[in-house]
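Undergrad: pasting the structure only:
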């Protein structure tokens, strides 16, 4: 587990939540991994009370599972929660792209272009999956920001914890170059204000993504062990 620097005026509970959730989402704490309240309290230099409170909060977010007579574990990745997140994300993103075709700020367009340039560099390298995942997430966040829907993106992130863990887990097996090409198509649609192409593009992106992940989850034992 990676420890973060504690922020000024951050309570013990806030700190523990940030560290634990951050490590779960980055897969430093693997799905199914056992968690000891005592060890966490010791590592974070906190009493067990804030640790216990954070565990219950993360349990409510489906990121931790508490099993009676067994212990506390990082939750396995739930396919049902992934499907719900995908349904909402792509439905909303279609509307976002259509809005972007009508009007999109030039400064954020520049940020998107820089983002894709960085993606291309990593896509040509071996490794770099974590950084590529961050750029991928940032790319979609910028689309929402550019259409004035940043808070909608925050809500999508809240229901996408299992989806995002799955994305990071399968990033090593995915073709990064294919993802970059899809993002370039998003950008071209916005630049050309090609609203009529949005629905097809989103549908194609969703089908490609789901087919790729579904295969890996079912046929790659290194990955499938982390799923329910």
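TA: Received, thanks. Since the model is a prediction, treat every value here as computed from it, not as a measurement.

Undergrad: For stretch 220-228, list every residue counted as buried.
TA: Buried positions in stretch 220-228, judged by neighbour count with 16 or more other C-beta atoms under 10 Å: 223, 226-227. For the C-beta atoms, the positions are set from N, CA and C on the backbone; glycine is no exception.

Undergrad: Can you measure across that stretch, start residue to end residue?
TA: 14 Å (C-alpha to C-alpha, to the nearest Å).

Undergrad: for it, what is the average pLDDT?
TA: Stretch 220-228 shows an average pLDDT of 88 in the prediction.

Undergrad: same thing with stretch 73-84?
TA: Averaging pLDDT along stretch 73-84 gives 94.

Undergrad: Can you tell me what sits against it?
TA: 24, 29-35, 62-67, 159, 161-163, 165-166, 169, 213, 217, 226-228 (C-beta atoms under 8 Å, 6 or more residues apart in numbering).

Undergrad: Now do that stretch: distance from first to last residue.
TA: The straight-line separation of the ends of stretch 73-84 (C-alpha to C-alpha) is 23 Å.

Undergrad: Report the buried members of the contacts of stretch 73-84.
TA: Neighbour-count burial (16+ other C-beta under 10 Å) applied to the contacts of stretch 73-84 gives 24, 29, 31, 33, 35, 63-65, 161-163, 165-166, 169, 213, 217, 226-227.

Undergrad: Among the residues you listed, which lie within strands?
TA: Among the buried ones among the contacts of stretch 73-84, DSSP state E puts 35, 64-65 in strands.

Undergrad: Can you tell me the SS state at the residue of the chain most remote from its centre?
TA: Using C-alpha atoms, centre = their mean, the residue of the chain lying farthest from its centre is residue 69. It sits 31.7 Å away. Look at residue 69: counting by DSSP: H, G, I helix; E, B strand; the rest coil, its state is coil.
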